[in-house]
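1. got a structure for you, letters missing:
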């Protein structure tokens, strides 16, 4: 009887141990506050030609952990409509295979996003740090948020380098190999001379992971902001006003996801490169759903939230004011990552400008209460 019970309990114990380990590994990727060092190699020209999971580019992520380097095979594709069309480096969607990341720092993740600098400019890495700070600020404001990590990448744009067949290609049929690599049983080749770049970037978890972590469900349908959770919706609107972002729509899920939890719809914002906080050289005032705004540059703030009970606005105001010390401290802790200290001061001043509005009744009334939308 004891032997039978032992045989039953051992598999259960092993399963529970593996499950706990998987959860620990999954959280470890984003738990660290330090910059995550990566090495990545692929053809930038090739990645711009492929736009979906079925037409991916196969490569390896080499990552630093505990003073050493480890490697996992992945497939990647370009993502993001504007950036993919207009940027020198498009942002990436990373696909990971469960059996190949088992036991690694990436265990528990099937998909990740990697935001790269858009253009080849001296300020590009600082723009990435500023966008990263937008994610971290929202993390201070809402329990439901994307986990992110600041990354330093040694990126090699391989152009004329001979490549071994990638491990993930073993899962592909021969016809697909020929299509992707012009492969006829020999090694695959890229076509241009390699060039190395040192880039800052942002690693972002998948929205399905956010939903699972918060016991919520992702929503695909249209939900008007006034039908979303009141506090969550106002928090999102205040945050977007804080960073000077108008390039979003919670109803049409433009740079927003919607989660459903406890019978409430909750917005989940992302992609802040068009914000006044980042003030990217290519940024333009958004006209989402052909809605022209009466501002001429992204650094001008425009409140895009809807009219609510004034008591709710005041509640949000007090909440944001309470969070001011933590947010300013967050900014100061990241000063070291700015290459241009003037860009840091500009970033800090921009957030201070938001709090000047919140701290003065007349400015708060004029720029938020009176500007709240009715349609």
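-> That came through, no problem. Here the structure is a predicted model, which means the values were calculated and not measured.
2. Helices of the stretch 201-350 of the chain, start to end?
-> 207-213, 230-242, 310-333, 341-359 (DSSP state H, counting those that start in this stretch).
3. Kindly compare burial across those and name the winner.
-> When you average the neighbours per residue for each of the helices of the stretch 201-350 of the chain (mean count of other CB atoms under 10 Å), helix 230-242 leads with a mean of 22. For the C-beta atoms, the positions are set from N, CA and C on the backbone; glycine is no exception.
4. Any regions of the stretch 51-200 of the chain where pLDDT drops low?
-> In the predicted model, the stretch 51-200 of the chain carries pLDDT under 70 at residues 160-172, 174-192.
5. ranges for the helices of it?
-> According to DSSP H, counting those that start in this stretch, the helices that the stretch 51-200 of the chain contains are 81-86, 98-101, 124-141, 174-181.
6. So for residue 303, which of the ones you listed sits nearest?
-> Nearest of the helices of the stretch 51-200 of the chain to residue 303, taken as CB to CB: helix 124-141 at 16.0 Å.
7. Which residues belonging to the closest one are considered buried?
-> If you call a residue buried by 16 or more other CB atoms under 10 Å, then helix 124-141 has these buried ones: 124-138, 141.
8. by contact count, what packs against that helix?
-> strand 148-157, strand 195-205, helix 230-242, helix 310-333, helix 341-359 (3 or more CB pairs under 8 Å, 6 or more residues apart in numbering; DSSP states H and E).
9. Now distance to residue 46 too, for the ones you listed, in a markdown table please.
-> A markdown table is the format used below for the helices and strands packed on helix 124-141 (distance: least, CB to CB, whole Å):
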| stretch | distance to residue 46 |
| --- | --- |
| strand 148-157 | 10 |
| strand 195-205 | 14 |
| helix 230-242 | 35 |
| helix 310-333 | 38 |
| helix 341-359 | 32 |
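10. can you tell which of those is closest to residue 279?
-> The nearest among the helices and strands packed on helix 124-141, by CB to CB, is helix 341-359 at 7.6 Å.
11. and the very next helix or strand once past that closest one, what's its mean pLDDT?
-> Toward the C-terminus, helix 341-359 is succeeded by helix 361-364 as the next helix or strand (DSSP states H and E). Average pLDDT, helix 361-364: 98.
12. What is the end-to-end distance of stretch 199-210?
-> 26 Å (CA to CA, to the nearest Å).
13. how far is that stretch from where the chain is centred?
-> Once both centres are worked out by CA atoms, centre = their mean, to the nearest Å, stretch 199-210 turns out to sit 4 Å from its chain's centre.
14. No more questions from me, cheers.
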